[in-house]
Every structure is written in C-alpha cells, then in structure tokens.
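1. this one's structure only:
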C-alpha cells in the first residue's frame, strides 16, 4: 500500500518545529519552554524518520533514536535547574528573570 | 563455542585517545565524589583533571605528529587528522589553565562534580572537532553543551548562576534544534549523513540549488552561529557570561568558541563545497554583524565580565572573516588566531575571577581601579591581554588579525578588511578604557569583603595566568613555527 507523500510528513514536521519555536519565544513558564524545545526536537525526529523511509538505509532512524536520548538528558538538566530555582524561591517566570539584563 | 572470538570491526583507539582520557578522568572524579572524604576531594579531583588535560594534550600532540594523511575512523563517524589534533591541543591547553583558575573557586560540596563536568565537557569538544558525520556532530555538540549548562549553574549561592544556566539551556537547546532540523533537511535532500558523502551526492545528483539542501544549510549555519555566539545569534552571551562562575566563563569563551569555529570550517568545506557562494556570503554577513554589535555594545559596558562577553562576540566576528574567505590561507589564519585568542580569554577571565574573590562582588570598571598597583602581576597580565585583544604588536593578537585580514584580501573582499580595521579602531577605546582604569584612576572607596587582611596568594591561578601570558607573547615571537603547524593542520581540508 502506498502511504502519503513524503512532503506531508515534512509539512507536519515543519509545523511541529515551528510550533515549538514559537513556544520557546512566546511562553513565559520555563516548564512550557522546555516542553516546546522537546516539540522542536521531535519535529526534527519526524522529518528524519520520514526521510529515512524515503531513502532506505537506517541512518535517519539511528539519528532519531540518539536524538531521543539526548532530548531526555537535556530535559533532566532543565527540570533540575527549575527545581533548584523553585527551592530558592526564585520566580518561575522567564519575563521576570531579569537579574541579568540582556 | 563460548571461547570463539566475536568478530568486531577495527577501531583506531589512538585516534580517540584525547577524548577517552578526559572521559576517564571524568569517571574517576565522579567516583571520588562518592568514595573520598570531603577533605581530600578537591585536591584529588583537581590533580586528576589537570593530569588528564596534560595526558590528552600529549595524546593530541602525538596524533598530530603521526597523522599526516586524514584517515576515517569508525565507519566515517570521525576522522583522524592534523586539523582536529591541533584544535584538540588548543582545547586541552585552555582546559588545563581553567583547572588552575578554578582551584580556589567557591564550590561548597560540589568540587568533584565540577571537575568531572569540566573534563567531560572538554572531552566532548575534543570529539566534536574530529566529527565528519551529522549524527556525530549533534551528539558531541549536546555532549559538551549539557555539561556546560550544569557548569554555568553550579555556583548556586552566586546570584544569577542558576538563571544563567537555565538561559543557556533554553537558548542552547533552541540553537541545537535548528542545527538538528537543518541536518534532517540535508539528509532528506542527499540521503547521506557523512560530510564527504553529502558533497559527493550534491555533485552527482546536481542538487546545488535544491531548496531542501539550501534551507538545511541555512538552519545549520544558524545553529552553529548560536554556539559560536556570532551576531545575530549572540543575545544569550552577555547574560550567560556574566551569570556563570568566572572560571567557567573563561573556559567557555576559549574552548567553546574554538570548537564551534573549527567545526564550522570543517563542516562547510567538506560537506558543502558546492554551496560555497552561499555560505561565504552568509558568514561575511555574520562577521560584519558580530563586529558591529560586539564592539558598539562593549563601548557602554561598566561590568568587566559583560564587556569581555561583548568583546568575545566581536572576536567571533574577527574569526569568521577567515572562514568566510573560504581559502587555505583562511584556514591557517583561523587556527593560528585561536591559539593566542584562547590564552587571552582564559587569562583575562582569570584576573577578573581573582579580583572578584578579593572583593566578594561583581567586578566593574570602578572597583577594578588601581588593580595594576595593588596586584602588579595580575594588572600587567590583564594589560597584556587587552593589548592582545586589541591586536597590538608584541602579542599574538596582532599576527592573528593580520592573517585574518589578509585571507579576506586574498579573496578580493577589501570591504571586509576595511570593516575589520574600523572595528579594531573602535575596540581600542574600551580595551584601553580598562587599562586606564587599572593604572590611572585613583581607587574609589571600595569596601573589601570582611575576610580581613590580604587575600591568600593564589599560586594555581597565577601559574595559569603566567602560562597563558607566555602563549600570548610567544605566539608573536614564534610566528613561524606556529604558522607552520597551522598550515600543516589546514592542509587536511580541501578548499
């Protein structure tokens, strides 16, 4: 059976990536920002897997698997930092984290 | 049956020995964090990490000596060549100096973890500069980035340290995601992940103007821009550099920039030679933007760490010029420039760290006043670093800038040379502003931290600064052999 064209997969992947990117830029809670980062990485994963099926060969799937492991470790560090900040009663709103002014 | 050997592929362990040495030290430090009593932990882990940096340095030097021809390792995941070995030498040197700077750092119970993360981060960088495959690039990039996020946040008592860690994580993750999506698009277009395979597939299938490939290249460039803190992807740099513990900032400024720029050069020349027209223009735009933003913003800074952060953005611009030139002279210029630049960065932040520990507060242009008279050695060191950053003779910074500009001139981009020269002239103002504060202003009323008396002499920090200074000055007087090293390293790449 023939599935949908690879363009559709790429479209969904790009949509996920863009949603995640907007989330990182616009949302205030660091938890949601981390979640949006995951969405960006998973968008890229979807594209990798779709292309892997298109071209044959496992490189894209291996890439996607290692990205999952990396994403998990990144989120562990992120959540650890958020917990440490919550313990110190630092405000959990990225707009108010302005001790360092950019 | 059980006794029969399993057939395993041949692995060139020697090619990976610098990264493996550092990873081993990291594991030993983590074990020490659990097994050793607190009293001996700092002493033990600092020496183990310093020893690992020396070991990795020696291994990289041997690799340099014994790899005249590039060889693929582990099915083309990494390559053993002089280009990667020279970058590894710079990273290990910066790491060794950073161990000295970190010796008296306030770390409460986290000393062993600190050194473990430092060694692991350097291991990731040393691995990344040899990567020749998009998968290895992403993995090694995250390997050292995640270590750096924690290092930035490790001093939980320091106001802003946690905030700096979280900001770096969010922006760094954002940049990595762009790099990843770009890699996925390049893979989609060519069906390959190896650098050389991508170039071959592009040439064979006539994909030069393929929209997927060009979009992928653009996103990869953006991701690398975040890591190298080049404008317009620089906005995290001043905040993170200011908030992170100062020894970590020095290490990041030197080693992360080295890694990102060396990787950029290797990736673009080996994987995208067909797209050279595009990426040279893009990098020239990044370079001009970094020079403009870095220098103009540095003019108005009062906090010394922030000023140095903007100066590091402007140096990303200076070092993107030879990459944008896209010729062999540019590769040589970049590798040479990274040697004095890394030494100056570590030494400058080391002096700031020493002053910070003395005062117990953030170092500004006001409270650094008189350092040149109070601490003659540290003052002279900072003075020499500022001359080097500004690119004046008697320091390697002069030769580095000269070579970077001549690479652009060679390409026929006189306008880029003029932009660089104007940026250098502007930078004199704030570099000399700091020197003026060191020597010419009466010390304002500074309230010293109530520790009483003289601060302890920091032998480790001063030795590290002395070593860095030796590199800065020697790279001016020993230009010939260093350029020869850089030339042989850059000849691993095909321009």
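-> Cool, the structure landed. Because the structure is a prediction, the values reported are computed rather than measured. Numbering: from 1, shown residues only, chains lettered A, B, ... in the order given.
2. Packing partners of the lengthiest helix in chain A?
-> When chain A is scanned for its longest helix (criterion: DSSP state H), the result is helix A:59-87. Here helix A:59-87 touches helix A:30-55, helix B:134-152, helix B:161-190, going by 3 or more C-beta pairs under 8 Å, 6 or more residues apart in numbering or on different chains; DSSP states H and E. All C-beta spots, glycine's among them, are computed from the backbone N, C-alpha and C.
3. just these: most buried one?
-> helix B:161-190 (a mean of 26; mean count of other C-beta atoms under 10 Å in any protein chain shown).
4. In terms of helices and strands, where is residue 25?
-> Answering for chain A, as no chain was given. In this assignment (DSSP states H and E), residue A:25 forms part of helix A:6-26.
5. wrong one, I was asking about chain B
-> Residue B:25 is located in helix B:17-35, with elements delineated by DSSP H and E.
6. wait, what's in contact with residue 24?
-> Using chain A. Neighbouring residues of residue A:24 by C-beta atoms under 8 Å, 6 or more residues apart in numbering or on different chains: A:33, A:36, A:37, A:40, B:170, B:174.
7. try again with chain B
-> residue B:52.
8. try residue A:23
-> Residue A:23 neighbours (C-beta under 8 Å, 6+ apart): A:32, A:33, A:35, A:36, A:39.
9. re earlier: need the contacts of residue A:24 in CSV (columns: distance to residue B:72).
-> Formatted as CSV, those follow (distance: C-beta to C-beta, whole Å):
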residue, distance to residue B:72
A:33, 39
A:36, 38
A:37, 33
A:40, 31
B:170, 36
B:174, 32
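10. Okay, and the residue nearest to residue B:288 when sequence neighbours are not counted sits in which element?
-> The shortest distance from residue B:288 to any non-neighbouring residue, by C-beta to C-beta, 6 or more residues apart in numbering or on different chains, is to residue B:419 (5.4 Å). Per DSSP H and E: residue B:419 is located in helix B:414-439.
11. residues contacting the residue most central in space within chain A?
-> Computing the C-alpha centroid of chain A and ranking residues by C-alpha atoms, centre = their mean puts residue A:38 first, at 2.3 Å. Residues near residue A:38 by C-beta under 8 Å, 6+ apart: A:20, A:71, A:75.
12. now residue B:323
-> B:261, B:264, B:265, B:268, B:283, B:330, B:334 are the contacts of residue B:323 under C-beta under 8 Å, 6+ apart.
13. do residue B:61 as well
-> Residues near residue B:61 by C-beta under 8 Å, 6+ apart: B:85, B:89.
14. Just want to check the distance between it and residue B:326.
-> According to C-beta to C-beta, to the nearest Å, residue B:61 and residue B:326 sit 29 Å apart.
15. what about residue A:59, distance to residue B:41?
-> In terms of C-beta to C-beta, residue A:59 sits 43 Å off from residue B:41.
16. To clarify, my last question referred to residue B:493.
-> Residue B:493 is 43 Å from residue B:41, where distance means C-beta to C-beta.
17. Which of the residues in stretch B:385-396 are classified as buried?
-> Neighbour-count burial for stretch B:385-396, counted by 16 or more other C-beta atoms under 10 Å in any protein chain shown, picks out B:385, B:386, B:387, B:388, B:389, B:390, B:391, B:392, B:395, B:396.
18. close enough to count as contact, the fifth one and residue B:307?
-> I take that to be residue B:389. No: using C-beta atoms under 8 Å as the test, residue B:389 is too far from residue B:307 to be in contact (10.4 Å).
19. show me the residues around the residue lying closest to residue A:61 once chain neighbours are set aside that make contact.
-> Closest residue to residue A:61 apart from its sequence neighbours, by C-beta to C-beta, 6+ apart: residue A:52 at 4.8 Å. Residue A:52 makes contact with A:58, A:59, A:60, A:61, A:63, A:64, B:187 under the criterion C-beta under 8 Å, 6+ apart.
20. burial of the spatially closest residue to residue B:408 that is not a sequence neighbour, as a residue count?
-> Take residue B:408 and drop its neighbours on the chain: the residue closest to it by C-beta to C-beta, 6+ apart is residue B:416, 4.3 Å away. Using other C-beta atoms under 10 Å in any protein chain shown, residue B:416 has 23 neighbouring residues.
21. can you list the residues of chain B near chain A?
-> For chain B, the contact set with chain A under C-beta under 8 Å from any C-beta of the partner chain comprises B:134-135, B:138-139, B:142, B:146, B:149-150, B:153, B:156, B:159-160, B:162-167, B:169-170, B:173-174, B:177, B:180-181, B:183-185, B:187-188, B:191-193, B:235-236, B:238-239, B:242-243.
22. which stretches of the chain have low pLDDT?
-> Since no chain was named, I'll use chain A. A:1, A:89-102 (pLDDT under 70).
23. my bad, chain B
-> Within chain B, the stretches with pLDDT under 70 are B:1-3, B:441-456.
24. Please report how far the closest residue to chain A within the stretch 1-150 of chain B lies from residue A:78.
-> Residue of the stretch 1-150 of chain B nearest chain A, by C-beta to the nearest C-beta: residue B:142 (4.5 Å). According to C-beta to C-beta, residue B:142 and residue A:78 sit 13 Å apart.
25. now do residue B:411
-> Computed as C-beta to C-beta, the residue B:411 to residue A:78 distance reads 42 Å.
26. Sweet, I'm off.
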